[in-house]
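# Sequence and predicted model, in that order:
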Amino acid sequence: MLELNGKRILLGITGGIAAYKAAELVRLLRRSNAEVQVVMTKAATEFITPLTLQTLSGRTVRQDFFDANDEATIGHIDLARWADLILIAPATADFMARLAHGRANDLLSTLCLATTAPIALAPAMNRQMWLNPATQTNASLLQTRGVTLWGPAEGEQACGETGPGRMLEPAALLSQAVKQFSHQPLAGQSVLLTAGPTQEPIDPVRFIGNRSSGKMGFALAQAFIETGAQVHLIAGPVTLATPRGATRIDVATAHEMQQQVSAHLSRCNIFVACAAVADYRPETVAAEKIKKSREQLALTLIKNPDILAEVAASATPPFTVGFAAETEQLIKHAQEKRRLKRVDMIAANLVGAEQGGFERDENALTVLWEGGRKELPMARKEKLAQSLAATIIERYYAKKHPTENP
Ligand code: PMT
């Protein structure tokens, strides 16, 4: 039973009678080879002792911001980053209410606010409490924000009533966790992509553009959706259909693209810059259509912001992937770009003439990262995108999970 091989599960336990089942859950998760970090609310400790869970999980149970050695070992933000999944089992009505309202009044609720990991709740409460419109509204609100509910089940309750509100059994929670990770390696993770060209206006009817069709970036968006990621696609002017499940934001200029990237950056885990962003734009944009009155017309161009480099240089950068479109010396120029822009990975393609790259349905990529390289031979962009997404995911987790424990 090694289905959860190395996955890091932060198990939050809140104060309900079902908390006693958390011991069995920890045991099953550990048997599946997950790393388990238990975080308990104060009320949970009335139902099961931290010592029991510490013994089963092999890690010090966290209860408070101010646990002994806390700041010396791992702070709450690092704990939030550590998790691949936050599972709250049992999740009481009170905890759901606090989560729905963005409270950060104990360690567990704060971790939930600070994490980019997927959050799953296993509700456990009296059936009337579960059916109460306040709880139902909180449950719906949480689901619209991407929180997953596992259960509750129906049946006999500790209070003697029968109905919905029982926590799913530990074995059922384990299989939900396995399902979460098995086919969808990026479940609950967020990917931000740029795609297509930018258009830099010269006057009301003319612009500086390029030959990008958006096909490569849109295929990548589709490939990431298939891995379970939440995908935001910032698209330059293209006529392609939006991949089902992606949130698309249309822009025209590099400046607009930069603004939208920055607006969506904070919760993204992986950023992929596939757009062919204009490096320069006209310094001034004529208010009226420029007349054909002169023999020569000089345009002064000024530099656009480098979106990719800005993302990589941000305070807490996501895993950052750039593209390099080159007409010669592919690897040399791509390596230079990777180092200069300080990105985790770069996907290099030859463009122009008979090459793939722009506009065509096929492309080939050489993917480069520090100390590594992978060739993705000429293939349809849909297929190529799947291979590239798989390579990105592999490197993303390799970076996220260096071998040491938190
Ligand atoms: O859209 P298609 O027709 O399918 O074509 C696909 C593609 C050829 C456009 C794509 O595979 C590709 O190579 N995209 C990157 C194009 C590009 O602008 O490359 P570059 O080498 O000039 O830029 C390097 C990287 O910096 C890119 O990730 C680019 O998005 C980014 N960049 C560049 C300039 C800038 N001002 N901001 C940026 O973020």
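Great, that's in hand. Numbering: from 1, shown residues only.

# What separation is there between the closest residue to Ser57 other than its chain neighbours and Phe218?
The shortest distance from Ser57 to any non-neighbouring residue, by CB to CB, 6 or more residues apart in numbering, is to Val36 (4.4 Å). The C-beta positions use only the backbone N, C-alpha and C, and glycine is treated the same way. When distance is defined by CB to CB, to the nearest Å, Val36 is 39 Å away from Phe218.

# which of the two has more neighbours?
Set Val36 next to Phe218 and count neighbours by other CB atoms under 10 Å: Phe218 wins out with 26 against 23.

# for the more buried one, helix, strand, or coil?
For Phe218, the secondary-structure state derived from DSSP: H, G, I helix; E, B strand; the rest coil is helix.

# what sits against it?
For Phe218, the contacting residues are 195-196, 233, 235, 238, 240, 242-243, by CB atoms under 8 Å, 6 or more residues apart in numbering.

# Tell me the confidence at it?
Per-residue confidence (pLDDT) for Phe218: 96.

# ok, now how distant is it from Asp64?
With distances taken as CB to CB, Phe218 is found 47 Å from Asp64.

# How about Ala117?
Counting by CB to CB, the gap between Ala117 and Asp64 amounts to 21 Å.

# what separates stretch 290-304 from the chain centre, distance-wise?
Offset of stretch 290-304 from its chain centre (CA atoms, centre = their mean, to the nearest Å): 43 Å.

# hey, what's the residue nearest to Ser57 bridged with?
Listed beta-bridge partners, Val36: Ile9 (assigned using DSSP bridges).

# got the contact list for it?
With contact taken as CB under 8 Å, 6+ apart, Val36 is in contact with 9, 11, 26, 29-30, 57-59.

# Compare neighbour counts for Ala117 and Asp64 and give me the winner.
Using other CB under 10 Å, the more surrounded residue of Ala117 and Asp64 is Ala117, with 23 against 14.

# what pLDDT does the more buried one get?
On pLDDT, Ala117 comes in at 82.

# Next: the one 4 residues further on.
On the pLDDT scale, Leu121 is placed at 97.

# quick one, phi/psi of the nearest residue to it once chain neighbours are set aside?
For Leu121, the nearest residue in space outside its immediate sequence neighbours is Ala91; the separation is 4.0 Å by CB to CB, 6+ apart. The main-chain torsion angles of Ala91 are listed as degrees, to the nearest 10 and equal phi -110, psi 120.

# Does Ala91 touch Ile13 like I think?
No - between Ala91 and Ile13 no contact is recorded; they are 9.3 Å apart, counting by CB atoms under 8 Å.

# Neighbour count: those two, which is higher?
Neighbour totals were compared for Ala91 and Ile13, and Ile13 leads with 34 against 31 (other CB under 10 Å).

# Check whether the closest residue in space to the more buried one that isn't next to it in sequence sits in a helix, strand or coil.
With sequence-adjacent residues excluded and distances taken as CB to CB, 6+ apart, Ile13 is closest to Ala44, at 4.3 Å. Recorded secondary structure, Ala44: helix (three-state DSSP).

# OK, contacts around Ala44?
13-16, 19.

# per-residue pLDDT, the nearest residue to Lys21 once chain neighbours are set aside?
Here the nearest residue to Lys21 in space, its sequence neighbours aside, is Pro170; by CB to CB, 6+ apart that works out to 5.5 Å. What the model reports as pLDDT for Pro170 is 97.

# quick one, what contacts Gln230?
For Gln230, the residues meeting the contact criterion (CB under 8 Å, 6+ apart) are 146, 188-191, 247.

# In strands only, show me these.
Secondary structure of these is defined by DSSP state E; positions in strands are 190-191, 247.

# In these, which residue is surrounded by the most others?
Val191 (29 neighbours).

# show me the contacts for that residue.
221, 224, 229-232, 268-272.

# Nearest to the ligand among those residues?
The nearest member of the contacts of Val191 to the ligand, counting by CB to the nearest ligand atom, is Val272 at 8.0 Å.

# Look at Lys289 and tell me its secondary structure.
Bear in mind the rule, three-state DSSP; under it Lys289 is coil.

# Give me the pLDDT value at it.
Reported pLDDT at Lys289 in the predicted model: 96.

# Number the residues from 685 up from this point.
Done: numbering now begins at 685, and the last item shifts to Lys973.
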